[in-house]
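*Asks:* got a sequence here, can you model it:
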Amino acid sequence: NLETGITVGVPADIAESGACIMPARLFFDIIRKLPDDEVTVTVDEKFRVFIRGGISSFTITAMNAEDYPELPDVESEKGIPVPQRELREMISGTIFSASENMARPIHTGCLFEIADDSVTVVAVDGYRLALRRYLPETPLERTAKYLKSAVPEPGFGSLDGDWIVFGLARAGADLSDGYFDRYYTAVEAAVQAADGTLDENRYTEYSRLILALTAIGRDPQNVGGYDLLLPLADLKKTTAQGVNGAAFALLALDCGGYELPQNSAAAVQATRDGYVDAILTRQNADGGWSLGGGASDPDLTAMALQALAGYRSRTDVSASADAGLSCLVQMQQEDGAFLSWGAESSESVSQVLVALTALGLSPDDARFVKNGQTLEEVLLRFAQNDGSFVHTQGDGGNLLATTQAFYALAAVQRARDGKTSLYDMSDVAP
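*Replies:* Okay, the predicted model is just below:
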């Protein structure tokens, strides 16, 4: 109607392409009366339109499409998606200030200004001015909201709360609702119920919990009367999980600058150098690491680099880290993702992002930019509208993938804000 234009596409079997202008209301009335069956529309050279459906047929007169005004092209690449409710409130909150005086037509409308990260609507009539601004949620904010909704009552456990609490704390999320306090209460009860023994074989349970507690300013050396650092003083048991065990033990010890306690029950007393050496001796010839000594895996390689990042003053560690980084460059696929266990997973991208920030490298490091996409942009390809992330493309939202993507995004944001790296918690107040 020269004021509002709407374009709608309808699936159809096209025998011959063409265009014409039909009376919209008449055409709609005819289609509405036809049976729920296949409809055939044919136009001849005199712009007569033949409409057939079931046993019914209609003939109407159309006009030449060349007489129809063209709709403007919209550059959608520069747009920002705005929820309907937000847009409605922005318009209703400004339109009352739009002028009705046609002597100044420029004031009869609302100004829409779209920037890189916001939409601003302004209306003015010469006496009043109204302004509304929409700031879209960042992927980090959207995923934080999803995780809190998915796990409203966090407790001890990989997916029950530890990694979620760790990520939320390092992302600087607003948790004035007591989320962290409820988590600590649940953790303290779990530790006491287990008499301080979280697991006989998987010592990463202690490392993960130390990371989460340190992130929220709690002391892991006294949780319900138990020192969670003590098990990590047993080198043999901690490294029974291979690179994974050694890497996370180092991350846990270094996150708060903790001293290793003496463990009289340990077959071999652990030291930081002992853990570093345990990682170095398991490095593959191509520079990567694997869980059981097989082909190098991007996740394990990235985790090893995260743990070694603080020890590059050692010449052997520096050379090892360089080789590991080169291995990751070689493992990256042309589409920017990584293959782990035969599939491209979001977790691999997450771990590489964390490794880059731990090493003090830019998340946008040119060596990892493929087809113009940074690693962060590759990770966001796995994001869902509800804030979750999938493990592999085509899957549904996955809590493990979501938690790893979340703290990877937190690591990227911290790097851009000039803050300490994800696992360096020297900025956390006790």
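*Asks:* where along the stretch 1-150 of the chain do the strands fall?
*Replies:* Using DSSP state E, counting those that start in this stretch, the strands of the stretch 1-150 of the chain run over 20-21, 39-43, 48-53, 56-61, 63-64, 111-114, 119-124, 129-134.
*Asks:* and the helices in the stretch 201-350 of the chain?
*Replies:* Assigned by DSSP state H, counting those that start in this stretch, the stretch 201-350 of the chain shows helices spanning 204-215, 235-238, 243-255, 272-280, 298-308, 315-331, 346-358.
*Asks:* redo these as a markdown table? Include distance to residue 144 and mean pLDDT.
*Replies:* (Glycine included, C-beta is placed from N, CA and C.) Converted to a markdown table, the helices of the stretch 201-350 of the chain look like this (distance: least, CB to CB, whole Å; pLDDT from 0 to 100):
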| stretch | distance to residue 144 | mean pLDDT |
| --- | --- | --- |
| helix 204-215 | 14 | 98 |
| helix 235-238 | 31 | 97 |
| helix 243-255 | 21 | 98 |
| helix 272-280 | 31 | 98 |
| helix 298-308 | 22 | 98 |
| helix 315-331 | 27 | 98 |
| helix 346-358 | 15 | 98 |
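*Asks:* now those in JSON lines, with distance to residue 174 and mean neighbour count?
*Replies:* Formatted as JSON lines, these follow (distance: least, CB to CB, whole Å; neighbours: other CB atoms under 10 Å):
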{"stretch": "helix 204-215", "distance to residue 174": "15", "mean neighbour count": "25"}
{"stretch": "helix 235-238", "distance to residue 174": "35", "mean neighbour count": "21"}
{"stretch": "helix 243-255", "distance to residue 174": "22", "mean neighbour count": "25"}
{"stretch": "helix 272-280", "distance to residue 174": "35", "mean neighbour count": "19"}
{"stretch": "helix 298-308", "distance to residue 174": "27", "mean neighbour count": "26"}
{"stretch": "helix 315-331", "distance to residue 174": "34", "mean neighbour count": "17"}
{"stretch": "helix 346-358", "distance to residue 174": "23", "mean neighbour count": "27"}
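*Asks:* using CSV, lay out those helices together with distance to residue 167.
*Replies:* Converted to CSV, the helices of the stretch 201-350 of the chain look like this (distance: least, CB to CB, whole Å):
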stretch, distance to residue 167
helix 204-215, 8
helix 235-238, 24
helix 243-255, 14
helix 272-280, 24
helix 298-308, 15
helix 315-331, 22
helix 346-358, 11
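*Asks:* so which of those helices comes closest to residue 384?
*Replies:* Closest to residue 384 of the helices of the stretch 201-350 of the chain is helix 346-358 (CB to CB; 10.6 Å).
*Asks:* can you name the next helix or strand after that closest one?
*Replies:* Using DSSP states H and E, the helix or strand that directly follows helix 346-358 along the chain is helix 375-380.
*Asks:* which parts of that following helix are buried?
*Replies:* The neighbour-count check on helix 375-380 (16 or more other CB atoms under 10 Å) flags 375-376, 378-380 as buried.
*Asks:* now do the buried residues in whichever helix or strand comes after it.
*Replies:* Sequence order places helix 399-416 as the next helix or strand after helix 375-380, per DSSP H and E. Residues of helix 399-416 classed as buried by neighbour count (16+ other CB under 10 Å): 399, 401-415.
*Asks:* same deal with stretch 138-158?
*Replies:* Of all the residues in stretch 138-158, those buried under the rule 16+ other CB under 10 Å are 139-144, 146-148, 150-151, 154-158.
*Asks:* farthest-apart pair in these, please.
*Replies:* The widest separation within the buried residues of stretch 138-158, taken as CB to CB, falls between 139 and 156 and amounts to 27.6 Å.
*Asks:* re the thing from before, tabulate the buried residues of helix 375-380 (TSV), appending pLDDT and distance to residue 323.
*Replies:* Formatted as TSV, those follow (pLDDT from 0 to 100; distance: CB to CB, whole Å):
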residue	pLDDT	distance to residue 323
375	97	20
376	97	25
378	97	23
379	97	24
380	96	29
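*Asks:* wait, which of those residues is closest to residue 30?
*Replies:* Looking across the buried residues of helix 375-380 and measuring by CB to CB, the closest to residue 30 is residue 380, at 45.9 Å.
*Asks:* if I pick the closest residue to that closest one other than its chain neighbours, what's in contact with it?
*Replies:* Using CB to CB, 6 or more residues apart in numbering and skipping residues adjacent in sequence, the residue nearest residue 380 is residue 139, 6.0 Å away. By CB atoms under 8 Å, 6 or more residues apart in numbering, the contact list for residue 139 reads 380, 383, 387, 409.
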